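# build the 3D model from these lines:
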Amino acid sequence: MRGPVFLRQHPTLALAGAGAFSMSTLFSAMKPILLTRYVEQLGLSEGLAGLIVALPFTGIALSAALMRGFMLRGRYTTIAAGLGVVLVAAELLSASRYASLRLLLPAQLVSGICVGLLMGLTSRYIARTASPDQLFGFVDMTAVLLMSFMVYGVGLSVAGWGVEGGYLAAVAICGLFALLVLCFRPPHRDSIGSGLDPTHPAGAPQTALRVGVRELAVVAMGVLFVTCSGIGFAFMFTLATNLGMGMEAASGRIGVLLFVSALACQVGGWASARFGPERPLAGAFVVCAFGWALAVGADSTWIYMASLVPAIFSLQFCFPILLSFSASLDGAGRWAAIATPLITSGFAWASIVAGQVVGRWGLDAIAWTTGAGLAVCLLLLCVAVRAGERGMPGDELLESAR
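Model (predicted):
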């Protein structure tokens, strides 16, 4: 059987993107396991342990500020190989010096920066293809599917060798994913930031990266959506146990739901390619808010599990659409490279916001906080659409430093 057209046209780029994106889901897989183990093994407070496991996502966010510098010099293969080596070294340092916060904290921050840069660099090439929506859907779906296996693998390593085992598992997994990133060879022998226009084989100079209302609205909407739609994730198991569901049963059912929800990533990519990003995003924002409202207010386990379907699937559905929407902001994929780590960092902010919201106002606040945030996302979507339709007359576009 022949595969989808976008995979037949860009098989190595699909592998590279899946490898880079799966590194970020590795951090998600490690977060709850290491957090618990740090408290039990080293006696750290929950707050300090939470800071440690959130640092890679902070690094992913910071990588957006460094992305332009990496796009301006060097070749893809050279930069990707260098970042892979630094990432593996940082995880090795974390494994050997996990009890020394002076070494562990910067090592984890550097790990996140490397992953963010790898995600951004592969996203730039995905954005240059004729089918970025579906390619983003594929790489995101693959990353989410692999996360289930990574949770199992990291869990076994931590059970056998403690915190050190968790980071050693990360060394092996990151090394494998780094090799996948290196499978791709750019179609042009150019530096990442040489300014080639993908629509012209010979290459054409591009203008400086523009930052205007539309660009800012799209990126802000992406970060806010991932943050707000992820608030409930931090307390999914708490809500389940409050309804009388045992932890083992809750883990099994929610785990299966998360695994199946990966398919929504590819559906989102298809919907964006078929209808454009605006209508699918608007519908998903409403569905997501409705799902979390039902989940928080559920009075039985079956209503709760049914409510998680729209709540969780909406996040997976929207993620590739948000990335492809960012890719549409310029012809060379520079905005996709910058927006990808920023949008991904929303998973870290979600955990932080969730703790503050529930600590101040209780679990019921998850519903109205999520709903309010998604209402702002709808507003930002309207701003982005209007800016695109009107070209924002009277609004001066700011150009980044040349």
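# going by C-alpha atoms from here, please, whenever you check contacts or count neighbours.
OK.
# assumed V110 was part of a strand.
No. According to DSSP: H, G, I helix; E, B strand; the rest coil, V110 belongs to no strand; its state is helix.
# roughly how far apart are it and F57?
Note on V110: its distance to F57, by CA to CA, to the nearest Å, is 10 Å.
# more neighbours: those two, which one.
Each of V110 and F57 has its neighbours counted (other CA atoms under 10 Å); F57 has more, 28 against 25.
# quick one, what contacts that one?
24, 27, 109, 112, 344-345, 347-348 (CA atoms under 8 Å, 6 or more residues apart in numbering).
# could I get the pLDDT score of I352?
I352 carries a pLDDT value of 77.
# give the next helix or strand downstream of the helix or strand hosting it.
Here I352, judged by DSSP states H and E, is contained in helix 346-361. Using DSSP H and E, the next helix or strand after helix 346-361 towards the C-terminus is helix 365-390.
# run the chain-centre distance for that following helix.
19 Å (CA atoms, centre = their mean, to the nearest Å).
# output the contacting helices and strands for that helix.
For helix 365-390, the packing partners by 3 or more CA pairs under 8 Å, 6 or more residues apart in numbering; DSSP states H and E come out as helix 213-229, helix 278-297, helix 346-361.
# got any ranges where this protein has weak pLDDT?
Applying pLDDT under 70 to the chain flags the ranges 1-4, 6, 46, 68-74, 188-209, 247, 389-402.
# please go through it and pick out the longest helix.
Across the chain, the longest stretch assigned as helix under DSSP state H is helix 132-181.
# which helices and strands does it pack with?
helix 5-9, helix 11-42, helix 76-96, helix 101-127, helix 247-261, helix 263-275, helix 301-327.
# tell me the buried residues in stretch 128-138?
By neighbour count on 16 or more other CA atoms under 10 Å, the buried set for stretch 128-138 is 128-129, 131-138.
# no, scratch that, I was asking about stretch 148-168
148, 150-151, 153-155, 157-158, 162-168.
# and those, which two are the farthest apart?
S148 and E164 (20.6 Å; CA to CA).
# one step back: any idea which of the contacts of F57 has the most stuff around it?
Going by other CA under 10 Å, G112 tops the contacts of F57 with 29 neighbours.
# next one: that one from L342, what distance?
12 Å.
# tell me, what's touching these two both at once?
With CA under 8 Å, 6+ apart as the test, G112 and L342 both reach I60.
# point to the residue nearest the middle of the chain.
With distances taken as CA atoms, centre = their mean, T344 lies nearest the centre of the chain, 3.1 Å away.
# how far away is that residue from G160?
On the measure of CA to CA, T344 and G160 end up 31 Å apart.
# equivalent analysis for S148, please.
19 Å.
# repeat that for A178.
25 Å.
# and stretch 237-249, which residues are buried?
237, 239-240, 245.
# go on, stretch 250-257?
250, 254, 257.
# which among those residues gets closest to C265?
Among these, and counting by CA to CA, the member closest to C265 is L257, at 13.6 Å.
# quick check: end-to-end length of stretch 342-349?
With CA to CA, one end of stretch 342-349 sits 11 Å from the other.
# give me the contacts around it.
So stretch 342-349 is contacted by 54, 57-58, 60-61, 64, 219, 222-227, 230 (CA under 8 Å, 6+ apart).
# dump the residue contacts of the residue nearest to F177 when sequence neighbours are not counted.
Excluding its sequence neighbours, the residue lying closest to F177 (CA to CA, 6 or more residues apart in numbering) is G19, at 4.5 Å. G19 makes contacts with 143, 177-178, 180-181, as judged by CA under 8 Å, 6+ apart.
# could I get those residues in CSV, plus columns for distance to Y304 and neighbour count?
What follows is those, written out as CSV (distance: CA to CA, whole Å; neighbours: other CA atoms under 10 Å):
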residue, distance to Y304, neighbour count
A143, 26, 23
F177, 36, 21
A178, 39, 25
L180, 38, 19
V181, 39, 29
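# can I get those residues in JSON lines including distance to T301?
Shown next, in JSON lines, are those (distance: CA to CA, whole Å):
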{"residue": "A143", "distance to T301": "29"}
{"residue": "F177", "distance to T301": "38"}
{"residue": "A178", "distance to T301": "41"}
{"residue": "L180", "distance to T301": "41"}
{"residue": "V181", "distance to T301": "42"}
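# ok, these vs G362, which is closest?
Nearest to G362 among the contacts of G19, with distances taken as CA to CA, is A143, at 32.1 Å.
# what's the spacing between the closest one and L378?
27 Å.
# ok, back up a step: next secondary structure after the longest helix of the chain?
Later in the chain than helix 132-181, the nearest helix or strand by DSSP H and E is strand 210-211.
# now for that next one, which elements pack on it?
strand 398-399.
# for A387, what are its contacts?
By CA under 8 Å, 6+ apart, the neighbours of A387 are 213-214.
# how much space separates it from S300?
Taking CA to CA, one finds A387 at 44 Å from S300.
# picking up where we left off before, out of the contacts of G19, flag the one nearest to W368.
Once CA to CA is applied, the member of the contacts of G19 that ends up nearest W368 is A143, at 29.8 Å.
# ok, now which ones touch that closest one?
18-19, 21-23, 25.
# how about a cut-off of 6 Å?
By CA atoms under 6 Å, 6 or more residues apart in numbering, the contact list for A143 reads 18, 21-22.
# not counting its neighbours along the chain, what's nearest it?
S22 (4.3 Å).
# run a quick neighbour tally on the one you found.
S22 has 27 nearby residues by other CA under 10 Å.
# give me the distance between stretch 334-352 and the centre of its chain.
For stretch 334-352, the distance to the chain centre is 6 Å (CA atoms, centre = their mean).
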